[in-house]
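> with the sequence up front, the predicted model follows.
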Amino acid sequence: MRSLDSPPRIPRLGNSGHSKRMTLRGREGLTRSGGMRNCSDDFGRRSQRRCTGENPDHECLDRHDLIRRFEGWNVMSDLRFNGIIRITDGDVDVPLDLELRDLRSACFKKPGDEIFRSRRYFTEMPSWRWLLRDEDRLVAHVAAHQRVIRGGIRMLGIAEVCVLPSHRGQGLVRGLLAAAHQWGIGAGFEFATLFGRREIYASSGYQTCSAGVMVLDGGSESVLLPAGDFLIHRLGGLNWPSGDVDLRGPVF
């Protein structure tokens with residue numbers, strides 16, 4: 001997995017031109033809205049439509065819901081941001097595929113990341129994606145894989161966390177992760193996990209796993225990755241299994 005984030009400080013300009021900070025209040029969590037929201041249809045065109053959640057794999061989360069319902073996540077209240085959209089990877093059409101590859105190519109610059117110029121995933125196709133646009137431009141993204149580990153525990157494997165350099169420092173990653181976590185709770189997942197640095201993701205509830213994890217090395221052989229960069233965030237009531245855990249797939 002490749003991931004990027006920035007410190008969460010979010011200034012905004014009010015009508016008076018003075019810098020303000022807006023804090024999300026309340027702990028009800030993210031819900032599907034039944035009201036009219038300014039969403040992005042076909043992942044690019046703005047329109048007014050009702051986000052009823054009739055399709056469980058396509059969901060619109062309005063930024064005002066985020067502002068009202070999440071305490072401690074400072075966000076830019078600029079209404080150019082149309083909302084967080086959740087889709088399945090199967091919903092990705094040709095124009096969105098190009099946007100996803102362009103976003104990753106702009107964000108990921110390490111050796112090996114040039115793979116995103118030709119495909120929209122790193123090691124395997126994710127199950128779901130959360131997207132955020134600034135007007136019609138895709139500026140932030142989080143993907144998630146579905147894995148079932150020892151004991152039948154279902155976990156989300158968070159991957160491809162990225163924000164355009166021009167939009168970092170606004171807490172967008174935490175907002176996307178909050179949306180993914182809330183959906184995961186409703187869908188019965190016990191954990192969200194990712195490969196990344198704890199100092200970046202601790203504010204979203206992630207802790208370092210105390211044991212190693214086993215992943216496929218690109219073929220059929222499993223390799224053990226020692227404890228360190230594998231992070232876990234509990235969504236349900238179960239404890240993470242003791243000892244090394246087989247993630248039953250490649251690194252995500």
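Structure's in. What do you need? Quick caveat: nothing in here was measured; it's all calculated off a predicted structure. Residues are numbered from 1 along each chain as shown.
> backbone dihedrals for Leu194, please?
With angles defined as degrees, to the nearest 10, Leu194 sits at phi -160, psi 160.
> residue contacts, it?
1, 3, 157-159, 161, 201, 206, 230-231, 252 (CB atoms under 8 Å, 6 or more residues apart in numbering). Where C-beta positions appear, they are placed from N, C-alpha and C, glycine not excepted.
> kindly report the same for Gly249.
124, 145, 147, 157, 215-216.
> from the contacts of Leu194, which ones fall inside strands?
157-159, 161, 230-231 (DSSP state E).
> farthest pair within those residues?
Spatial extent of the ones in strands among the contacts of Leu194 (CB to CB) is set by the pair Val161 and Phe230 at 14.5 Å.
> switch the contacts of Gly249 over to TSV; also include pLDDT.
Below are the contacts of Gly249 laid out as TSV (pLDDT from 0 to 100):
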residue	pLDDT
Glu124	88
His145	97
Arg147	97
Gly157	98
Val215	95
Leu216	93
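> what subset of these is buried?
Applying 16 or more other CB atoms under 10 Å to these, the neighbour count classes 145, 147, 157, 215-216 as buried.
> in JSON lines: the contacts of Gly249, plus secondary structure and distance to Ala179.
Converted to JSON lines, the contacts of Gly249 look like this (DSSP: H, G, I helix; E, B strand; the rest coil; distance: CB to CB, whole Å):
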{"residue": "Glu124", "secondary structure": "coil", "distance to Ala179": "22"}
{"residue": "His145", "secondary structure": "strand", "distance to Ala179": "16"}
{"residue": "Arg147", "secondary structure": "strand", "distance to Ala179": "19"}
{"residue": "Gly157", "secondary structure": "strand", "distance to Ala179": "16"}
{"residue": "Val215", "secondary structure": "strand", "distance to Ala179": "26"}
{"residue": "Leu216", "secondary structure": "strand", "distance to Ala179": "29"}
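> which non-adjacent residue is nearest Phe116?
Leaving out its chain neighbours, the residue that sits closest to Phe116 by CB to CB, 6 or more residues apart in numbering is Arg104, at 3.6 Å.
> if you count neighbours, what's buried in the helix or strand hosting Leu96?
Leu96 is part of helix 94-107 when elements are defined by DSSP states H and E. Neighbour counts over helix 94-107 (16+ other CB under 10 Å) mark 96, 99-101, 103-105, 107 as buried.
> for it, packing partners?
Counting contacts by 3 or more CB pairs under 8 Å, 6 or more residues apart in numbering; DSSP states H and E, helix 94-107 packs against strand 137-149, strand 153-163.
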